[in-house]
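Undergrad: Got a predicted model here, sequence first, then my questions.
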Amino acid sequence: MIKMREKIKKLVESCKGELIELRRHFHAHPEPSFEEYETTKLIAQKLKEYGVDEIKVGCGGKASGVIATIRGLFDRPMIALRADIDALKMKEENQSIPYRSQNEGVMHACGHDAHIAVLLITAKVLAQLKGELPGSVRLIFQPAEETAAGAKEIIKAGGLDGVDAIAGLHVWAYLPSGVLGFRKGPFFAAVDRIEINVKGKGGHGAAPQFAVDPIVMASNIVLALQTIVSREVDPIEPAVVSICKIEGGTAFNIIPEEVKMVGTIRTFSPQTRERVVKRVEEISTNVAKAMRGSVEFIDYYSTPALINDPNFTEFAASVARDLFGERSVVEADINMGGEDFSLYVEKVPGTFFLLGTGNKDKGTDKAHHNPYFDVDDDALPIGVELFANIVFEFLRGGKR
Ligand SMILES: [Zn+2]
Ligand SMILES: [Zn+2]
């Protein structure tokens, strides 16, 4: 195993230039969710060039996303590695980087450009070691993570067929460059998007007695909803209820008919989720009723909580500790954000981990989704080396 580790290390070092070049190319050419057409083309072309055997382009009826397989000595066991490939519809503000977005209004502000590059170079390294690979590797380049629409299409397209375990990573600006964050069990939250349409009766602003004011109802609903987390959920159980958009009214003297509110619920346990969703509906409905109005409540359940398999996570973290030392591996904090990698780990054991890319001196410590977000490229070879070693140790039937 030591010999294989050294081989991998050498191969990764020899690819560092290409790794950074690819990351910056994808950064300069971002494409939004389910429109990753050029990104997909380049991924497929690179995989072919690297000698990857099976390359399937597209999923969900669109030519975006790639599912590929490297066949080693045997078909099984098979481990999957996943990268998400989409960018965000926002304007990049950082004019000082030469590889800034060339697609106006679209930006790789979450680091998925780095995920593509890391997985491509991992494929290159593994393809060169194919003759020694005691199993197979599935490579998943998933579209539309930001809209939580991609993972389910990848699964429908057969992305997990024959797969025994899965690993994925996210670059992380909040961890110092090169530090790896693992977490067993619950990691990213379940996501619900909610709509509350508050209905009253329009009228003159000077004659409220003839109207049923949905603005006052909506205001009371927003405040009342805040008692769910503070008064009804166990204080040691994570939960969030946020109303993030309120829309209603047209002029200073008109009481409108309706106010529309949009927000999100984040939870971990299915029981808490069910209870919070139910209470949001009950409280909104009854507050409106008390004020002579009504409510239409719509809940869109987006993605379940991401629950890392404890054994596989411990296995991956131990590979990381062996490679990079105890001090490079930390326990990651629980996160109320969503991540549709959760759908994969519902089906097969796996782990999602963080690769620190935060470096203040390089300006890569900006928050994800910030218009100045950037990635410290020097941390990326760590991701490749770790992915490749996880693959070999898992396929050899090492610690699980
Ligand atoms: Zn994101
Ligand atoms: Zn992301």
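TA: Received the coordinates, thanks. Ligands and ions are numbered 1, 2, ... in the order given.
Undergrad: and the helix or strand that contains Ile194, what does it pack onto?
TA: Ile194 is part of strand 190-199, with elements assigned from DSSP states H and E. Counting contacts by 3 or more C-beta pairs under 8 Å, 6 or more residues apart in numbering; DSSP states H and E, strand 190-199 packs against helix 214-227, strand 258-267, helix 270-290, strand 294-303. All C-beta spots, glycine's among them, are computed from the backbone N, C-alpha and C.
Undergrad: Just say which of these is most tucked in.
TA: Highest mean neighbour count of the helices and strands packed on strand 190-199: strand 258-267, a mean of 21 (counted as mean count of other C-beta atoms under 10 Å).
Undergrad: Run through the neighbouring helices and strands of that one.
TA: Going by 3+ C-beta pairs under 8 Å, 6+ apart, strand 258-267 lies up against strand 190-199, helix 214-227, strand 239-248, helix 270-290.
Undergrad: could you dump the ones you listed to a markdown table with mean pLDDT and distance to Ile97?
TA: Listed next are the helices and strands packed on strand 258-267 as a markdown table, based on pLDDT from 0 to 100; distance: least, C-beta to C-beta, whole Å:
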| stretch | mean pLDDT | distance to Ile97 |
| --- | --- | --- |
| strand 190-199 | 98 | 31 |
| helix 214-227 | 98 | 40 |
| strand 239-248 | 98 | 30 |
| helix 270-290 | 98 | 40 |
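Undergrad: quick revisit: now distance to Val179 too, for the helices and strands packed on strand 190-199, in CSV please.
TA: Below are the helices and strands packed on strand 190-199 laid out as CSV (distance: least, C-beta to C-beta, whole Å):
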stretch, distance to Val179
helix 214-227, 35
strand 258-267, 25
helix 270-290, 31
strand 294-303, 26
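Undergrad: of all these, which lies closest to Gly249?
TA: helix 214-227 (6.4 Å; C-beta to C-beta).
Undergrad: for the helix ranked longest in the chain, packing partners?
TA: Counting by DSSP state H, the longest helix found in the chain is helix 2-28. For helix 2-28, the elements it packs on are helix 37-50, helix 112-128, helix 380-395, judged by 3+ C-beta pairs under 8 Å, 6+ apart.
Undergrad: List the contacts of the most centrally placed residue in the chain.
TA: Relative to the mean C-alpha position of the chain, the nearest C-alpha, by C-alpha atoms, centre = their mean, is the one of Glu339, at 3.6 Å. Neighbour list for Glu339: 145, 170, 187-188, 303, 306, 352 [criterion: C-beta atoms under 8 Å, 6 or more residues apart in numbering].
Undergrad: from those residues, which has minimum pLDDT?
TA: Lowest pLDDT of the contacts of Glu339: Thr303, 95.
Undergrad: looking at it, that residue is touching Tyr344, isn't it?
TA: No: assessed by C-beta atoms under 8 Å, Thr303 is found out of contact with Tyr344, at 11.0 Å.
Undergrad: tell me, what's touching those two both at once?
TA: Ala151.
Undergrad: Could you tell me the end-to-end distance of stretch 331-343?
TA: Its start and end residues considered, stretch 331-343 measures 22 Å (C-alpha to C-alpha, to the nearest Å).
Undergrad: Please apply the same query to stretch 318-337.
TA: 26 Å.
Undergrad: same deal with stretch 367-386?
TA: 24 Å.
Undergrad: Enumerate the positions of that stretch that are buried.
TA: 370, 372-377, 379-386 (16 or more other C-beta atoms under 10 Å).
Undergrad: what's near enough to touch Glu257?
TA: Glu257 touches 199-202, 214, counting by C-beta under 8 Å, 6+ apart.
Undergrad: what's the pLDDT at it?
TA: At Glu257, pLDDT is 98.
Undergrad: quick one: it and Ile154, what's the gap?
TA: From Glu257 across to Ile154, the span is 43 Å (C-beta to C-beta, to the nearest Å).
Undergrad: Check Lys91 too.
TA: 29 Å.
Undergrad: before we move on, what about Asp192?
TA: 22 Å.
Undergrad: Thanks a lot, see you next time.
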